[in-house]
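Q: Kindly generate the corresponding structure for this input.
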Amino acid sequence: MQTTIRSATGFSGVGLHSNRPTRVMLRPAPAGHGIRFRRTDLADADADAEVAARWDSVVPSELCTVIANAGGVSVSTIEHLMAALAGTGVHNVLAEIDGPELPILDGSAAPFVRGILAAGVAGLGVPLRAIRVRAPVEVRQGEAFARLDPAEGIEIDFRIEFGDRAIGRQHKRLDLANGAFLHELADSRTFCRMIDIEAMRARGLARGGSLDNAVVVDGDRVLNPGGLRRPDEPVRHKMLDALGDLALAGAPVIGRYTGYRAGHALTARLLSALFADPASHEVAVCDSDLGRRLPGLCPPHPAGYAPGA
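A: Residues are numbered from 1 along each chain as shown. Here you go, the predicted structure:
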C-alpha cells in the first residue's frame, strides 16, 4: 500500500554547495501525490514554486542531484532525503523548503531517517505500483557504467576505485528488502579527496562542506577525527546515492542496479533510458509477496532507533 508520514517533521542546516542556511519541512500528502518540493521562499501558494521529484525533472549538475520545473524553479542536493524516503518506504510527501538547496546535515541519510521514523509512517489504503525491470538497460561514460537488470526485489551492486589508499577499491552488493537500508547504508556519509576541494570551491561547489558533514581523505589518511563509520563507508554512500536517484522513477524500481564508478548523472541517464524503452519494464501492482521485498516494510522501530545499529 502507498504510505505517507503521520505528522510533519523538519530539518535545518546549511547547503553543502551553497553554504546557505536552509530548512526543509516534510508534510503528509495523499495517495498519488508522490514526492514534491515546494519553495516557500518564492511566491506563496504559487504552483510554479513546486517541483516534482521525478526523473524527467532532473537537470545536468555537478556532484549532486538537481531537479527543476518548467519555470526554472530548482531544488538541489535532494539525493539523501530521497534515499531516506525510499529506504523507509514513504511514497507521498510534500517537502517545503525555504531555499534552493537541502541541508546536508551530517552528510548521510541518517538524520532524515530518524526524523521520518519519529514522525511515523502511515498507510493510505491505496495500492502501490512499482516499476519492474523486464530487460537489461545500461548507460556508459568512459569506463564508468550504470545498469539495471531484472531481479526479484531491489538490489544494488556497486564498485568504486580511487587512487587514495584510504578508499582504494571497494565493492558491495545488497538486497534492500525489509530494513536493510536502515541498518547497512543510511549512516554512510558523502566523501571527497582533499586534493579536489580547492578545485570544487573554485567552481562554486562544496562551500558548505566541512569535516562535520563529509568524509575527507588525503592519500592513506582519513582526516575526520572519528575516522570512518565503517571500513567501506565510501562505497556504501555511493549505494545510498544510487537508491535516492532511483527513487526519481516515481515508484520503487524492482531490479538489480549495478554501478561501476557511477554517479548522479549516470543514474539519471539510466532512468531516462529505462523509460525510453517500453519493452524494458512494466508497471506492477505490489501484492503482499512483492511488498515484503521492498525497502521500509520492516517491523516498526521506536523514535530512538539509530540507523546503522
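
Q: Touching, residue 36 and residue 95? I think so.
A: Yes: contact criterion Cβ atoms under 8 Å: residue 36 and residue 95 qualify, at 7.0 Å. The C-beta positions use only the backbone N, C-alpha and C, and glycine is treated the same way.

Q: Nearest to the spatial middle of this structure, which residue is it?
A: The centre of the chain sits closest to residue 244, judged by Cα atoms, centre = their mean, with a distance of 2.1 Å.

Q: In contact with it, which residues?
A: When contacts are counted by Cβ atoms under 8 Å, 6 or more residues apart in numbering, residue 244 touches 65, 78-84, 86, 109.

Q: Turn the residues you listed into TSV, columns for neighbour count and secondary structure.
A: Output for the contacts of residue 244, formatted as TSV (neighbours: other Cβ atoms under 10 Å; DSSP: H, G, I helix; E, B strand; the rest coil):
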residue	neighbour count	secondary structure
65	25	coil
78	27	coil
79	24	helix
80	30	helix
81	30	helix
82	25	helix
83	29	helix
84	30	helix
86	28	helix
109	33	coil
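
Q: would you list these in JSON lines and tack on distance to residue 2?
A: Putting the contacts of residue 244 into JSON lines (distance: Cβ to Cβ, whole Å) gives the following:
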{"residue": "65", "distance to residue 2": "23"}
{"residue": "78", "distance to residue 2": "20"}
{"residue": "79", "distance to residue 2": "22"}
{"residue": "80", "distance to residue 2": "22"}
{"residue": "81", "distance to residue 2": "18"}
{"residue": "82", "distance to residue 2": "16"}
{"residue": "83", "distance to residue 2": "19"}
{"residue": "84", "distance to residue 2": "17"}
{"residue": "86", "distance to residue 2": "13"}
{"residue": "109", "distance to residue 2": "21"}
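
Q: Relative to residue 291, which of those residues is nearest.
A: Ranked by distance to residue 291 (Cβ to Cβ), these are led by residue 86 at 14.3 Å.
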